[in-house]
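Peer 1: give the three-dimensional model of this entry:
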Amino acid sequence: MVQVLSTLLQVEKKSKQPVYLQIANQLMALIRSGTLQTGYRLLSTRQLATLLKVHRRTIVQAYDELLAQGWLQSHTGNGTFVAKNLPEIQLSKKEIGNEKVIAPAEKAGFRFTQQPHLDRAFLRSSTRLHLDDGFPDPRLAPLEDLSRAYRSQLLSGNPYSRLGYGDTKGSLWLRQELSAYLNETRGMKTSPENILIVRGVIMGLYLVSTALLQPGDHVVVDAPGWFGANMNFIQAGANLVRVPVDEHGIDVAALEQICRKQTIRMVYVTSHHHYPTTVALRADRRLNLLKLAEQYGFIIFEDDYDCDFHYLSKPFMPLAGADPAGMVMYCGSFTKTISPAFRVGYLVGPVDVITYLAKLRRIIDRQGDQMLENAIAELLHTGVIQRHLRKSVRIYKQRRDLFCDLLRSQLGDYVKFQVPDGGMAVWTEFDPNINLISLAEKALQKDLYMSNGTSGIPAGNSFAEPPNSSIRLGFASSNAEELEESVEIIRNLLGNL
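Peer 2: Just a heads-up that it's a prediction; the model follows:
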């Protein structure tokens, strides 16, 4: 056994982990694997210190650690032994025939079912150029103001209350500032109690789906639509009912026909700038949708992910602002306002529902980042975010106009599109003969990211919509030179097909 220990116990004196812990952890692993059986008498501290060429005090510390945890037992004058109350462990088997060596860090020893609707690639572009899904430009974000506000929250006030647990609904200050902001800019009639601070729209969707949907419920989604929302409804056990979208938004007349035939629990809409097509829901359809919700008793989940970025005129008022019966759950975030890295959003609804959802939020995420929430509240209070939005809208409109001119002049033979009234992307229809997957792969080789038309959903996933020839090309996160270079790369690639 001395020879075995000399090969199995290795000491790395340059490691950040103390040597005594290295030895203790390795001895623990040998006991777990069955190499050192219960009742086995260990070498004396002096013998093991000599063997490993370390100070005897180091071995004493290692043994003391294992004694304290119950792995070893010491008998005065008789030595140190592997504890007898441990279950007897058989030596692990190596690969025999078709039997594989178990790798517990890589593969679980228990069974579980992987749900196919969760198979969706993460958007993690590291390219220099990007025509993304419609993201903001973080170079424009008021980061210095946010940094100062965050620092102020860390250092000022009562540290016990400031750095302790807070309201599950989120920072009261942020909810107060948001209530005033939404009432002023969205025509809503809210109080802080109508608002639940969440990590983003996706968290708002999860809370509403988990709390308000039952397995077998029917949820209306738009087609084409956002698979991120659909994933939440499927996860809750709901059945998706797809309703087409045209140039005026979701087909409310088709929805009414569906409501006459079956019970609808929820309708998911992006009423302001429909995702992915960017079209706005026309006024008459908005009114009819609210009437249908009241008549048939379904919830409207209104995802208003980029309301502030409208270029033609003032933004449409949300459905939530004209809701006479409390049927709308309204959700937005600061993802498009500042940057996706700052996970602060808001879910707005009747007080009784918000209070209930706050109870659910508590068991999955006790509270959000109160420091960040208060920092954003300060930026709203001082008008920093409002000024940033005015500046961003002006810049993004210039980028939209330039990008659409480039698409028209450089790619006019290959694409069709409508200039969007708002948002951060152009819904672009390519010639059906163009293989978008191949085009995106070749663009990536040129350090340009663009969608390949599959929304990151693996082929064969039965929950995914079939790929088509239209994709979102985001313009907001790129400056003029980057947009020109990106379009030139696509033009050259298409010219070589």
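
Peer 1: quick one: the strands in the stretch 51-200 of the chain?
Peer 2: Ranges of strands within the stretch 51-200 of the chain are 72-75, 79-82, 129-131, 195-198, based on DSSP state E, counting those that start in this stretch.

Peer 1: same question but for the stretch 301-450 of the chain, I mixed them up
Peer 2: Counting by DSSP E, counting those that start in this stretch, the stretch 301-450 of the chain forms strands over residues 328-333, 345-348, 415-417, 425-430, 448-450, given from the N-terminal end onward.

Peer 1: any idea which of those strands gets closest to R128?
Peer 2: For those, proximity to R128 was assessed by CB to CB; strand 448-450 is nearest, at 7.8 Å. Heads up, the C-betas are built off the backbone N, CA and C, glycines and all.

Peer 1: chain center to the lengthiest strand in the chain, what's the gap?
Peer 2: In the chain, ranked by residue count with DSSP state E as the criterion, the top strand is strand 239-246. Mean-position distance between strand 239-246 and its chain equals 24 Å (CA atoms, centre = their mean, to the nearest Å).

Peer 1: could you do stretch 207-221 as well?
Peer 2: 20 Å.

Peer 1: repeat for stretch 142-162
Peer 2: Counting by CA atoms, centre = their mean, stretch 142-162 comes out at 25 Å from the chain centroid.

Peer 1: and that stretch, what's its mean pLDDT?
Peer 2: Rounded to a whole number, the mean pLDDT of stretch 142-162 is 83.

Peer 1: buried deepest among the strands of the stretch 51-200 of the chain, which one?
Peer 2: Each of the strands of the stretch 51-200 of the chain was scored by mean neighbour count; the highest is strand 195-198, a mean of 28, by mean count of other CB atoms under 10 Å.

Peer 1: may I see the strands of the stretch 301-450 of the chain organised as CSV, with distance to R111 added?
Peer 2: As requested, the strands of the stretch 301-450 of the chain are exported to CSV (distance: least, CB to CB, whole Å):
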stretch, distance to R111
strand 328-333, 36
strand 345-348, 35
strand 415-417, 48
strand 425-430, 42
strand 448-450, 37
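
Peer 1: these: which one's closest to S126?
Peer 2: Checking the strands of the stretch 301-450 of the chain against S126 by CB to CB gives strand 448-450 as the closest, at 8.3 Å.

Peer 1: sheet partners, orientation included, of that closest one?
Peer 2: Strand partners for strand 448-450, identified by DSSP bridges, are recorded as strand 129-131 (parallel).

Peer 1: off-centre distance for the partner strand?
Peer 2: Per CA atoms, centre = their mean, the displacement of strand 129-131 from the mean C-alpha position of its chain is 20 Å.

Peer 1: what does it contact?
Peer 2: Residues external to strand 129-131 that are found in contact with it (CB atoms under 8 Å, 6 or more residues apart in numbering): 446-451, 473-475, 477-478, 482, 485-486, 489.

Peer 1: 7 Å instead?
Peer 2: 447-450, 473-474, 477-478, 482, 485-486 (CB atoms under 7 Å, 6 or more residues apart in numbering).

Peer 1: closest one of these to N435?
Peer 2: Of all the contacts of strand 129-131, N435 sits closest to M450, with 13.1 Å by CB to CB.

Peer 1: check what pLDDT that closest one gets.
Peer 2: The predicted local distance difference test score for M450 is 91.

Peer 1: which residues are in contact with it?
Peer 2: Going by CB under 7 Å, 6+ apart, M450 touches 131, 440, 443, 473.

Peer 1: of those, which is the most crowded?
Peer 2: L131 (29 neighbours; other CB atoms under 10 Å).

Peer 1: adding mean pLDDT and distance to L292, write the strands of the stretch 51-200 of the chain out as TSV.
Peer 2: Shown next, in TSV, are the strands of the stretch 51-200 of the chain (pLDDT from 0 to 100; distance: least, CB to CB, whole Å):
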stretch	mean pLDDT	distance to L292
strand 72-75	88	71
strand 79-82	90	71
strand 129-131	92	37
strand 195-198	95	26
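
Peer 1: looking at these, which is nearest to P104?
Peer 2: Closest among these, using CB to CB: strand 79-82, at 21.7 Å.

Peer 1: picking up where we left off before, could the strands of the stretch 51-200 of the chain be laid out in a markdown table, adding distance to R260?
Peer 2: As requested, these are exported to a markdown table (distance: least, CB to CB, whole Å):
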| stretch | distance to R260 |
| --- | --- |
| strand 72-75 | 74 |
| strand 79-82 | 73 |
| strand 129-131 | 42 |
| strand 195-198 | 33 |
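
Peer 1: nearest to G109, of those?
Peer 2: Closest among the strands of the stretch 51-200 of the chain, once you apply CB to CB, is strand 79-82, at 23.9 Å.

Peer 1: show me what that closest one is packed up against.
Peer 2: strand 72-75 (3 or more CB pairs under 7 Å, 6 or more residues apart in numbering; DSSP states H and E).

Peer 1: for the strand it packs on, list the C-alpha coordinates in PDB.
Peer 2: Once non-C-alpha atoms are left out, strand 72-75 reads as follows in PDB (Å, rounded to 0.1, in the frame of the first residue of the first chain):
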ATOM      1  CA  LEU A  72     -11.100   8.800   9.600                       C
ATOM      2  CA  GLN A  73     -11.100   7.600  13.200                       C
ATOM      3  CA  SER A  74      -8.100   7.900  15.600                       C
ATOM      4  CA  HIS A  75      -7.300   5.400  18.300                       C
END
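
Peer 1: report all helices and strands that it contacts.
Peer 2: Secondary structure elements in contact with strand 72-75, counted by 3+ CB pairs under 7 Å, 6+ apart, are helix 56-69, strand 79-82.

Peer 1: from the chain's centre, how far out does the shortest one sit?
Peer 2: This means strand 79-82. 51 Å.
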